[in-house]
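Q: sharing a sequence plus its predicted fold:
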Protein chains: 2
Amino acid sequence: MASISDIHPRTMLIRKLESMAPLSPQERQAIKDLPVRMHAVNARQDIVRDGDQPQHCCLILSGWACRYKLLHEGKRQILSFHIAGDIPDLGTLHIPTMDHGLASVTKATVGFIPHENLRALTEAFPRIGALFWRATLIDAGVFRAWIVGMGRRSAFERIAHLFCEMYLKLQMVGLAGDHRCPMPVTQADLADALGLTSVHVNRVLQTMRGRALITLRSSTLVIAAWDELIRVSEFDPAYLQIDHGLEPHADVA
Amino acid sequence: MASISDIHPRTMLIRKLESMAPLSPQERQAIKDLPVRMHAVNARQDIVRDGDQPQHCCLILSGWACRYKLLHEGKRQILSFHIAGDIPDLGTLHIPTMDHGLASVTKATVGFIPHENLRALTEAFPRIGALFWRATLIDAGVFRAWIVGMGRRSAFERIAHLFCEMYLKLQMVGLAGDHRCPMPVTQADLADALGLTSVHVNRVLQTMRGRALITLRSSTLVIAAWDELIRVSEFDPAYLQIDHGLEPHADVA
DNA sequence: CGCGTCCTTGATTTCGATCAAAATATGTGG
DNA sequence: CCACATATTTTGATCGAAATCAAGGACGCG
């Protein structure tokens, strides 16, 4: 039974950054010294609102979150999904006003870290600053992948592509494996993420199940035919910058 | 008659950065000292290819460029348009392998700046590093705006939105004004940028002309009904981070 | 002035949207 | 643990925006 106190927020951050590049003991310590204000949020709650000028960044510790934008007549576009280890609003360090909202998808735990401490951290340890920058660049790569999907892929291909993407993202932080991962989103959420309607998402999912490509029940996705999903969606994981075979380089002060 | 030698590459960069934040004399000087290798490219030529690992960044000095991704059966998705002052591949400083291509749209002049010099610059002047980071964050905001458009806007609204976006981007660097700007793209380019077909773009443009919203002839866009275009496309310029309160571009010699 | 690129037009098709309602989960308080 | 309320998924019928296919026509440009 996980409770807030079981989550070690700074460890989560260290693990995430070390999946990109090794950290020195001093860097690790500086991260451990960051003040993090823990916060539990219910499903479907705003964490940061469109137009806000937050003075802290939000580290996701458990659950899923999403960025979104609301349009006229209740239309919504989800811009990205975020999982443990992500800091979706890192950009507020340099762009003060949010041009979109950040909300929980599921019940979630988030840690708020004041801008001033993050700034002090990146000033004291420019390599950490570079990793933060790199994280936002990877996010941008995901945005580009979504643009490609929305512009040039069918509904079927888009859904398949998103499943591959989320599976790998979850796998990176140890939350997926064996072609099985959490997928705690409604079909309406998927629709809002992929530029479709929930009715159509439903029909495509049935096709996928019918072809025995996936199962998706009680918020768990099982990808029965990984290669096939990769193939039909032309999924190339390069943009996720998964750093396999990361041997710890001892040097680089 | 502008020739390569008339373009002052470092001045372009200084002007761009100063549109985001004022620079100190030392910072300006360091930028002036950057080595820039000038290069003229014809229309529709690759500048950086998908999969490349460039050792330099590309500063656009004149003309238009675009990022793009190719898919099966010749499908293409344009991911962004870039104009003078942009460094579309700044991200290669921290993400070595390109996950998309960069090509000229028109004849263009570009300046290549070695990574090592840019890295030295950002190490010596962290504030410039922050501005570079900020520039990539603004790019990400544009990606998000495109996602919203492709997901939830009609063809008409998408085209209108893009026109507003490009007009303001051009205005920021002094290349547009009076609701008139260059728009040197084919209808097929627009289609590939917006997830449409050129046939449909053509028909929507005719509708726009018919309603006297725009004229678009010989690569020049005139927006006859700015407010109307803004309204129908729900265009909110916030994501472009246009910093009013600094006069547009007092010439920096 | 000829040729390739780009734009335009028409006819037809299709993928996904829309509208409406039923069936099934999920959750909550008593 | 059940009963009720709410949210989500599923199904069916119809519609519509944009794609596709196919030809002409216009224009820059060398």
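A: Here it is on my side, so go on. Bear in mind that the values here come from a model prediction, so they are computed numbers and not experimental data.
Q: are stretch A:182-196 and DNA strand D in contact anywhere?
A: Yes. Residues of stretch A:182-196 contacting DNA strand D under Cβ under 7 Å from any atom of the strand: A:T186, A:Q187, A:A188. Backbone N, C-alpha and C define where each C-beta goes, glycine included.
Q: wait, is the last one part of a helix?
A: The reference is to A:A188. Yes. Using DSSP: H, G, I helix; E, B strand; the rest coil, the assignment for A:A188 is a helix.
Q: so what pLDDT did it get?
A: Listed pLDDT for A:A188 reads 98.
Q: residue contacts, it?
A: Neighbouring residues of A:A188 by Cβ atoms under 8 Å, 6 or more residues apart in numbering or on different chains: A:S198, A:V201.
Q: repeat that for 10 Å
A: Applying Cβ atoms under 10 Å, 6 or more residues apart in numbering or on different chains, we find A:A188 in contact with A:R76, A:I78, A:L196, A:T197, A:S198, A:V199, A:V201, A:N202.
Q: just the buried ones from those residues, in ChimeraX syntax?
A: Buried members of these, defined by 16 or more other Cβ atoms under 10 Å in any protein chain shown, are picked up in ChimeraX with:
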select /A:76,78,196,201
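Q: now the contacts of A:A188 in TSV, with secondary structure and pLDDT?
A: Shown next, in TSV, are the contacts of A:A188 (DSSP: H, G, I helix; E, B strand; the rest coil; pLDDT from 0 to 100):
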residue	secondary structure	pLDDT
A:R76	strand	98
A:I78	strand	98
A:L196	coil	98
A:T197	coil	98
A:S198	helix	98
A:V199	helix	98
A:V201	helix	98
A:N202	helix	98
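Q: tell me the pLDDT at A:E247?
A: Note for A:E247: predicted pLDDT of 48.
Q: what do you get for A:A250?
A: pLDDT at A:A250 comes out at 42.
Q: around DNA strand C, which positions in the stretch 101-250 of chain A sit nearby?
A: With Cβ under 7 Å from any atom of the strand as the criterion, the stretch 101-250 of chain A meets DNA strand C at residues A:S154, A:A155, A:F156, A:A191, A:G195, A:L196, A:T197, A:V199, A:H200, A:S218.
Q: near the last one, how many other residues are there?
A: So that's A:S218. 7 (other Cβ atoms under 10 Å in any protein chain shown).
Q: repeat that for the second one.
A: A:A155 sits with 18 neighbouring residues when counted by other Cβ under 10 Å.
Q: with the one 5 residues further on instead?
A: Summarising burial for A:A160: neighbours were counted as other Cβ under 10 Å, giving 27.
Q: A:G74: neighbouring residues, count only.
A: As a burial measure, A:G74 scores 6 neighbours (other Cβ under 10 Å).
Q: so what's the backbone phi/psi at it?
A: According to degrees, to the nearest 10, the main-chain angles of A:G74 amount to phi 70, psi 10.
Q: so what's the residue most central in space within chain A up against?
A: The structure's chain A has its C-alpha centroid closest to A:H82; by Cα atoms, centre = their mean the separation is 2.5 Å. By Cβ under 10 Å, 6+ apart, A:H82 lies in contact with A:47, A:58-60, A:63-67, A:88-89, A:102, A:104-105, A:108, A:110, A:139, A:169.
Q: how about A:S104?
A: By Cβ under 10 Å, 6+ apart, the contact list for A:S104 reads A:40-47, A:60, A:63-66, A:82, A:110.
Q: got the phi and psi for it?
A: phi -80, psi 150.
Q: return the set of residues that bridge with it.
A: Per DSSP bridges, the residues bridged to A:S104 are A:A65.
Q: A:A212: neighbour count?
A: Around A:A212 there are 10 other residues, counting by other Cβ under 10 Å.
Q: doesn't it lie inside a strand?
A: No. Counting by three-state DSSP, A:A212 is located in no strand; its state is coil.
Q: and the nearest residue to it once chain neighbours are set aside, its phi and psi?
A: The shortest distance from A:A212 to any non-neighbouring residue, by Cβ to Cβ, 6 or more residues apart in numbering or on different chains, is to A:A224 (5.6 Å). When quoted as degrees, to the nearest 10, the phi and psi of A:A224 stand at phi -80, psi -30.
Q: my read: A:A224 touches A:R211, true?
A: Yes. The pair A:A224 and A:R211 qualifies as a contact (Cβ atoms under 10 Å) at a distance of 9.3 Å.
Q: point out where the stretch 51-200 of chain A drops to low pLDDT.
A: Nowhere does the stretch 51-200 of chain A drop to pLDDT under 70.
Q: what are the boundaries of the helices in chain A?
A: Assigned by DSSP state H, chain A shows helices spanning A:9-18, A:25-32, A:115-124, A:126-152, A:155-172, A:187-194, A:198-210, A:226-232.
Q: between the ones you listed, which one is closest to B:Q29.
A: For B:Q29, the closest of those is helix A:126-152, at 21.4 Å, according to Cβ to Cβ.
Q: can you pull the buried residues of that closest one?
A: Buried-residue list, helix A:126-152, by 16+ other Cβ under 10 Å: A:127-152.
Q: now stretch A:199-216
A: For stretch A:199-216, a neighbour-count test (16+ other Cβ under 10 Å) marks A:H200, A:V201, A:V204, A:L205, A:M208, A:L213, A:I214, A:L216 as buried.
Q: isn't the second one right up against A:F163?
A: Right, the one you point to is A:V201. No. Judged on Cβ under 10 Å, A:V201 makes no contact with A:F163 at a distance of 11.9 Å.
Q: shared neighbours of the two, anything?
A: Residues touching both A:V201 and A:F163 (Cβ under 10 Å, 6+ apart): A:L190.
Q: for the stretch 101-250 of chain A, give the residue positioned nearest to DNA strand C.
A: Relative to DNA strand C, the nearest point of the stretch 101-250 of chain A is A:H200 (3.1 Å; Cβ to the nearest atom of the strand).
Q: give the contact list for that residue.
A: With Cβ under 10 Å, 6+ apart, A:H200 has these contacts: A:A155, A:F156, A:I159, A:Q187, A:L190, A:A191, A:L194.
Q: so which of these is the most crowded?
A: Result: A:I159 is most packed of the contacts of A:H200 (other Cβ under 10 Å), 27 neighbours.
Q: pull the contacting residues for that one.
A: Residues near A:I159 by Cβ under 10 Å, 6+ apart: A:149, A:153, A:187, A:190-191, A:193-194, A:196, A:200-201, A:204-205, A:207-208, A:214, A:229, A:233.
Q: please report the distance of it from B:R153.
A: Applying Cβ to Cβ, to the nearest Å, the value for A:I159 to B:R153 is 21 Å.
Q: also A:N117?
A: Distance, A:N117 to B:R153, by Cβ to Cβ: 39 Å.
Q: compare the two and say which is more crowded by neighbours.
A: Legend: neighbour count by other Cβ under 10 Å for A:N117 and B:R153, higher for B:R153 (22 against 16).
Q: thought that one was touching B:H161?
A: Yes. In this structure B:R153 lies within contact range of B:H161 using Cβ under 10 Å: 6.6 Å.
Q: right, I'll call it a day here.
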